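Visitor: Give me coordinates for this.
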Amino acid sequence: MIAYKKRAFITGIAGQDGSYLAELLVKKGYKVFGLVRSFKKDSLQNIEKLYKNKKIILIKGDLGVLESLKKGLKIAQPDEIYNFAAQSDEVRSFKLSKETYNINYRGFGYLVDVAIKINPKVKIFQAGSSRMFDAVKSFQNEKTSFGPVSPYGKAKLKAHIKYVVEYRKKYDFFICSGILFNHISPRCSESFIARKITGSMVKIKLGSLESLKLGNINVKRDWGYAPEYMEAAWKMLQQKTPQDFVIATGETHSVREFIEEACKVLDIDITWKGKGLNEKGIDKKTGKTIVEIDPQYFRPNEVSYLCGDSRKARKILNWKPKTSFKDLVKIMVEADSKREKILNNKFL
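Guide: So this is what the prediction gives:
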């Protein structure tokens, strides 16, 4: 019989963050339980190897359903809980505000209330978000005032204040938020701008797509590598006292820069012509338009600048990002290139 160090329960285990965290915890000797909404093969591809090799135990359930959480937590009996289940598409949150609220706020409340009844000493990590901030000209850190502009950001902030900050003060629970800035990987959803760029540019290179249509390419984001952010999440629950931490690289790069870097990896020489809605990205070698600006992709209440100050995490957690922006884009492009080669049986 295996002697496990600790028991962990991960919501959203099949997603980008949950899957990387599961791999990390398995390596560290944890017995890992994960909540999933479906056992369909497509929805489990990020954790397929872990599941097939019986490295993790999956429990069918839904963060928004109280009874399924009770069942799952009674089975898992966790020492640590990591909440990554969410309606995480900020654009969709404007159309699905009720669903976003129910999952990102109410569902997390269910999780916390059930968990502390089963084990009052359980440690809980909440995946907070940089979208809880409004745009400011300087870095955003743990002391920066919040001001979300989307239903997604508002639900995340409400969960943070009500169930992290208030419960920690009122009941002395070990619960904390990792205020995570943009973090990506080959496992992130294609609805995310980074994957949309790398996937589309690979298809353009292969000739299966004419052009990429985007909204505001001048917004700046703080992009990091997801597996490294999961290390920070784990470190937060290993502390003696619960604290909230901003997890970020401290660097900003525009969507335009992301496109240009992806093109470099693919040996596409891109140049920009025109201004505003008429601006286009042109492939110098072919003269074809490969990037177009489309008003339908402009986000409501777009936050133009996000850059995190993670000095607290670097000092207390001894954590820092290791993957550079250029290397991160290269990782993404190479992964999407591999996918397309397999799907199309073509080679660059």
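Visitor: Low-confidence bits of the stretch 101-250 of the chain, can you list those?
Guide: Residue ranges of the stretch 101-250 of the chain with pLDDT under 70: 135-137.
Visitor: Tell me where it has helices.
Guide: Taking DSSP state H, counting those that start in this stretch, the helices of the stretch 101-250 of the chain run over residues 108-118, 151-159, 167-171, 193-206, 226-236.
Visitor: Please spell out which residues along the third one are buried.
Guide: When burial is assessed from 16 or more other Cβ atoms under 10 Å, helix 167-171 yields the following buried residues: Y167, R168. For glycine as for every other residue, the C-beta is placed from the backbone atoms N, C-alpha and C.
Visitor: and if you look at the longest one?
Guide: Buried positions in helix 193-206, judged by neighbour count with 16+ other Cβ under 10 Å: 193-206.
Visitor: for those residues, which one is nearest V65?
Guide: R195 (29.0 Å; Cβ to Cβ).
Visitor: pretty sure that closest one is touching S189, no?
Guide: Yes. Counting by Cβ atoms under 8 Å, R195 touches S189, with 6.5 Å between them.
Visitor: how deep is K330 tucked in, by neighbour count?
Guide: By the criterion of other Cβ atoms under 10 Å, K330 has 17 neighbours.
Visitor: Ok, L66 next?
Guide: Residues lying near L66 (other Cβ under 10 Å) number 16.
Visitor: number of nearby residues for the nearest residue to it once chain neighbours are set aside?
Guide: Of all residues not flanking L66 in the chain, Y110 sits nearest, at 4.9 Å (Cβ to Cβ, 6 or more residues apart in numbering). Residues lying near Y110 (other Cβ under 10 Å) number 20.
Visitor: So Y110 sits against G64, correct?
Guide: Yes. Counting by Cβ under 8 Å, Y110 touches G64, with 7.4 Å between them.
Visitor: State the phi and psi torsions of L50.
Guide: Backbone torsions of L50, given as degrees, to the nearest 10, read phi -60, psi -40.
Visitor: So N83 is in contact with I13, correct?
Guide: No. Using Cβ under 8 Å, N83 is not in contact with I13; the gap is 10.7 Å.
Visitor: How many residues are close by the closest residue to D269 other than its chain neighbours?
Guide: Take D269 and drop its neighbours on the chain: the residue closest to it by Cβ to Cβ, 6+ apart is K284, 4.1 Å away. Residues lying near K284 (other Cβ under 10 Å) number 10.
Visitor: Which parts of the stretch 51-200 of the chain are strands?
Guide: In the stretch 51-200 of the chain, the segments counted as strands under DSSP state E, counting those that start in this stretch are 56-60, 80-83, 123-129, 174-180, 183-184.
Visitor: most tightly surrounded among those?
Guide: Across the strands of the stretch 51-200 of the chain, the average number of neighbours (mean count of other Cβ atoms under 10 Å) peaks for strand 80-83, which reaches a mean of 26.
Visitor: from the chain's centre, how far out does that strand sit?
Guide: Distance, stretch centre to chain centre, for strand 80-83: 15 Å (Cα atoms, centre = their mean, to the nearest Å).
Visitor: what's the answer for stretch 289-301, then?
Guide: Relative to its chain's centre, stretch 289-301 lies at 22 Å (Cα atoms, centre = their mean).
Visitor: Go through it and flag the buried ones.
Guide: If you call a residue buried by 16+ other Cβ under 10 Å, then stretch 289-301 has these buried ones: I290, V291, E292, I293.
Visitor: Hmm, the last one is touching K275, no?
Guide: No. Applying Cβ under 8 Å, one finds I293 not in contact with K275, separated by 9.8 Å.
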